[in-house]
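S.K.: predicted structure and sequence below. I'll ask about it afterward.
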Amino acid sequence: MNKGLFVLKDLCKNYENTPILKNINLDIFQGEFLTLLGPSGCGKTTIIRLLAGFENPDAGEILLDDKNINHLPPENRAINTVFQSYALFPHMNIFDNVAFGLKMKKMPKEQIKIEVENALSMVKLSQHMYKKPSELSGGQQQRVAIARAVVNKPLILLLDESLSALDYKLRKEMQIELKMLQRKLGITFLFVTHDQEEALSMSDRIVVMNKGNIEQIGTPKEIYEEPKSLFVAQFIGEANCFETKIVEQKNEAVILKYKEKIFNLKTKKIFNETCTILIRPEDFRVEKNFEDVKSKNYFVGELENIIYKGTTIDLLVKLEDGKEVIASEFYNEDSDALGYKIGSKLFLYWVDGWEVLLNNE
Ligand SMILES: Nc1ncnc2c1ncn2[C@@H]1O[C@H](COP(=O)(O)OP(=O)(O)OP(=O)(O)O)[C@@H](O)[C@H]1O
């Protein structure tokens, strides 16, 4: 792969002698939609603040086109940030809010008019140009903040929890709009969120962070389907985990023991003494009769609860050993007809290869 437009190299940041970022290495490529995802306090905003130049790293480098910009002031970085609070000027109309940065740069008036009108048309706010921010909805104000940032044609746009103040429906709409806008503009977006669904649906690549470290970098599909650690697997969606002992490791296969059950699974990975089998709820197939089970890989359990979720139903099943697992199925007209009954016996199986095997740390 090519080298990043921005490169973070062994980047470290401490606050009051506590390490907050520990040796962060990350390439940010030209034109990509990259998302920093992780729980509260893992250091996402700190990366944004270092990139924007609001803070200095304690060690390591920030490179832009191979040049170290560790000490370049924020105004010289061609970086714009959109925060969760839109930080619009309340006394200025929308046009002047968006024009502000260009006026500061002393761009000729006619040119400013063209650029601002362009940016506002891109975020579909042309008809609100002369209104004050207070006359716009939350989503519209968010779009003004984005227009105000992109009008400066930054090399990268940093978006810190930019959609989290919006209600669910508006947030979904803005996710699609933001992604489309990014494609149209071709500007690199670095987006921060702790919402895994948002990260999966918007990003070209996701950086999963945990306690100041990067756990995994990959496309949404890679992160979801091939998590490298239990932390990533459990942070991105639901996962049923089974801790097993290795009985035998053979050529491209492993024999595992979970409680009294033996599983023989294909894998190229090499394991130590123990490993975890991970199965997503949607990867379990549910049957009421053993004759319908189409794999050697199955569990037996009792249905404890059914959770209706609109398009899917979650079946909460207690296995023979007492462990509770979740299997989810698409809900359709037939689902009621299936007549799942609380307390009934169910067989849960999965297709060979749909499991993820993780070395225990
Ligand atoms: N100026 C500061 N002084 C001391 N500690 C700080 C400072 N800024 C951040 N921290 C601490 O650094 C850690 C990482 O903070 P950061 O804001 O980067 O996390 P985050 O992943 O963005 O979290 P959130 O999702 O809650 O915004 C937190 O424990 C926070 O308390």
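M.R.: Arrived safely, thanks for sending.
S.K.: so what's Ser201 closest to, chain neighbours aside?
M.R.: Nearest residue to Ser201, sequence neighbours excluded (Cβ to Cβ, 6 or more residues apart in numbering): Gln175, at 6.1 Å. For glycine as for every other residue, the C-beta is placed from the backbone atoms N, C-alpha and C.
S.K.: same check, this time on Ile246
M.R.: Phe271 (5.3 Å).
S.K.: where does the stretch 51-200 of the chain have low pLDDT?
M.R.: 85-86 (pLDDT under 70).
S.K.: that one: strands as residue ranges?
M.R.: Along the stretch 51-200 of the chain, counting by DSSP state E, counting those that start in this stretch, strands occupy 59-64, 67-68, 79-82, 156-160, 188-193.
S.K.: distance to the ligand for the ones you listed - can I get that in JSON lines?
M.R.: Converted to JSON lines, the strands of the stretch 51-200 of the chain look like this (distance: least, Cβ to the nearest ligand atom, whole Å):
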{"stretch": "strand 59-64", "distance to the ligand": "16"}
{"stretch": "strand 67-68", "distance to the ligand": "22"}
{"stretch": "strand 79-82", "distance to the ligand": "13"}
{"stretch": "strand 156-160", "distance to the ligand": "7"}
{"stretch": "strand 188-193", "distance to the ligand": "6"}
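S.K.: including mean neighbour count, could the ones you listed go into TSV?
M.R.: What follows is the strands of the stretch 51-200 of the chain, written out as TSV (neighbours: other Cβ atoms under 10 Å):
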stretch	mean neighbour count
strand 59-64	17
strand 67-68	10
strand 79-82	23
strand 156-160	23
strand 188-193	25
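S.K.: make CSV from those and add distance to Gly301 to it.
M.R.: Listed next are the strands of the stretch 51-200 of the chain as CSV, based on distance: least, Cβ to Cβ, whole Å:
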stretch, distance to Gly301
strand 59-64, 49
strand 67-68, 57
strand 79-82, 47
strand 156-160, 43
strand 188-193, 35
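S.K.: give me the neighbour count for the residue of the stretch 151-300 of the chain found nearest the ligand.
M.R.: Sorted by distance to the ligand under Cβ to the nearest ligand atom, the residues of the stretch 151-300 of the chain start with His194, at 4.9 Å. By other Cβ atoms under 10 Å, 18 other residues sit near His194.
S.K.: residues contacting it?
M.R.: Leu37, Gly38, Pro39, Ser40, Lys44, Glu161 (Cβ atoms under 8 Å, 6 or more residues apart in numbering).
S.K.: what about 10 Å?
M.R.: By Cβ atoms under 10 Å, 6 or more residues apart in numbering, the contact list for His194 reads Leu36, Leu37, Gly38, Pro39, Ser40, Gly41, Cys42, Lys44, Glu161, Ser164, Met209, Phe235.
S.K.: so the fourth one: helix, strand or coil?
M.R.: Assigned by DSSP: H, G, I helix; E, B strand; the rest coil, the conformation of Pro39 is coil.
S.K.: and the stretch 201-350 of the chain, which residues reach the ligand?
M.R.: The stretch 201-350 of the chain has no residues near the ligand, with proximity defined as Cβ under 6 Å from any ligand atom.
S.K.: can you pull up the most central residue in this structure?
M.R.: With distances taken as Cα atoms, centre = their mean, Ala199 lies nearest the centre of the chain, 2.7 Å away.
S.K.: isn't that one up against Phe191?
M.R.: Yes. Contact criterion Cβ atoms under 10 Å: Ala199 and Phe191 qualify, at 7.9 Å.
S.K.: overlap in contacts, those two.
M.R.: Thr35, Leu36, Leu37, Ile206.
S.K.: return the subset of the residues you listed lying in helices.
M.R.: Using DSSP state H, no member of these falls within helices.
S.K.: identify the farthest-apart pair in these.
M.R.: Leu36 and Ile206 (8.2 Å; Cβ to Cβ).
S.K.: any shared contact partners between the two?
M.R.: Phe191, Thr193, Ala199.
S.K.: do I have it right that Glu197 meets Ile236?
M.R.: Yes. When contacts are counted by Cβ under 10 Å, Glu197 is listed as touching Ile236 (9.3 Å).
S.K.: these two: who's more crowded?
M.R.: The neighbour count for Glu197 versus Ile236, taken as other Cβ under 10 Å, is higher for Ile236 (22 against 12).
S.K.: number of nearby residues for the residue of the stretch 251-361 of the chain found nearest the ligand?
M.R.: Per Cβ to the nearest ligand atom, Glu361 is where the stretch 251-361 of the chain lies closest to the ligand, at 21.9 Å. By the criterion of other Cβ under 10 Å, Glu361 has 9 neighbours.
S.K.: now Gln30
M.R.: 15.
S.K.: got the contact list for the closest residue to it other than its chain neighbours?
M.R.: Nearest non-adjacent residue to Gln30, counting by Cβ to Cβ, 6+ apart: Leu5, 4.5 Å away. By Cβ under 10 Å, 6+ apart, Leu5 lies in contact with 27-32, 63-66, 155-156, 188.
S.K.: thank you kindly, that will do.
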